[in-house]
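In: how does the following fold in three dimensions:
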Amino acid sequence: METIEVVAAVLCKGAKVYCVQRPKNSKEYISLKWEFPGGKVEQGEDPIHALKREIQEELQLEIQNVEFLITVEHTYPDFHLVMHAYTCEISSGEPVLTEHMDLKWLSAEELDKLDWAAADIPIVKYLQGRV
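Out: Numbering: from 1, shown residues only. Model (predicted):
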């Protein structure tokens, strides 16, 4: 089974966290699910560089104050995911959805209202435990 290494941004603005909804997908387990934005780490790429690149590509945002939060491992039906999550803030730009259907700014307490991708659930729980 293939292992994919990804990064995820827990974008913070005050007490709110940025959440994005994946588009419809043939893979039921991720179709229309909510997640923290991010993407694949390229071979030999520094995870923080990957995070900044992915957030620029996906949301057209520049980020700052990037700090490691948690690493999550999750096995989906067809691949194993290793996801490094980082807290960060927007330094410039307004979110533009280039790959996602919807976005929400929610407090940690409100995160349970969304239907999260399985790999993102430990991040949600971690954030709720810190509040």
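
In: now stretch 22-38: how far from the chain's centre is it?
Out: Stretch 22-38 sits 11 Å away from the centroid of its parent chain (C-alpha atoms, centre = their mean, to the nearest Å).

In: got the contact list for that stretch?
Out: The contact list for stretch 22-38, computed with C-beta atoms under 8 Å, 6 or more residues apart in numbering, reads 6-11, 17-21, 51, 54-55, 58-59, 76-78, 83, 85, 99-101, 104, 114-120, 123. Using the backbone N, CA and C atoms, a C-beta is placed for each residue, glycine as well.

In: and that stretch, end to end?
Out: 11 Å (C-alpha to C-alpha, to the nearest Å).

In: got it, and stretch 41-52?
Out: End-to-end for stretch 41-52, by C-alpha to C-alpha: 11 Å.

In: pLDDT of the helix ranked longest in the chain, averaged?
Out: As assigned by DSSP state H, the longest helix anywhere in the chain is helix 47-59. In this model, helix 47-59 carries a mean pLDDT of 96.

In: and for stretch 83-100?
Out: 95.

In: now that stretch - C-alpha only, CSV.
Out: This file holds the C-alpha atoms of stretch 83-100, laid out as CSV (Å, rounded to 0.1, in the frame of the first residue of the first chain):
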residue,chain,number,x,y,z
MET,A,83,-0.3,14.2,7.7
HIS,A,84,1.7,16.9,9.5
ALA,A,85,-0.5,19.7,10.8
TYR,A,86,0.7,23.2,11.5
THR,A,87,-1.0,26.2,13.0
CYS,A,88,-0.4,29.4,11.0
GLU,A,89,-1.9,32.8,10.2
ILE,A,90,-2.7,34.5,6.9
SER,A,91,-0.1,37.2,6.2
SER,A,92,-1.7,38.4,2.9
GLY,A,93,-4.6,37.7,0.6
GLU,A,94,-8.2,36.7,0.9
PRO,A,95,-9.1,33.0,0.5
VAL,A,96,-10.0,32.0,-3.1
LEU,A,97,-11.4,28.5,-3.5
THR,A,98,-9.5,26.9,-6.4
GLU,A,99,-9.9,23.2,-5.4
HIS,A,100,-12.6,23.2,-2.7
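
In: could you list the buried residues of it?
Out: Met83, His84, Ala85, Tyr86, Thr87, Cys88, Ile90, Pro95, His100 (16 or more other C-beta atoms under 10 Å).
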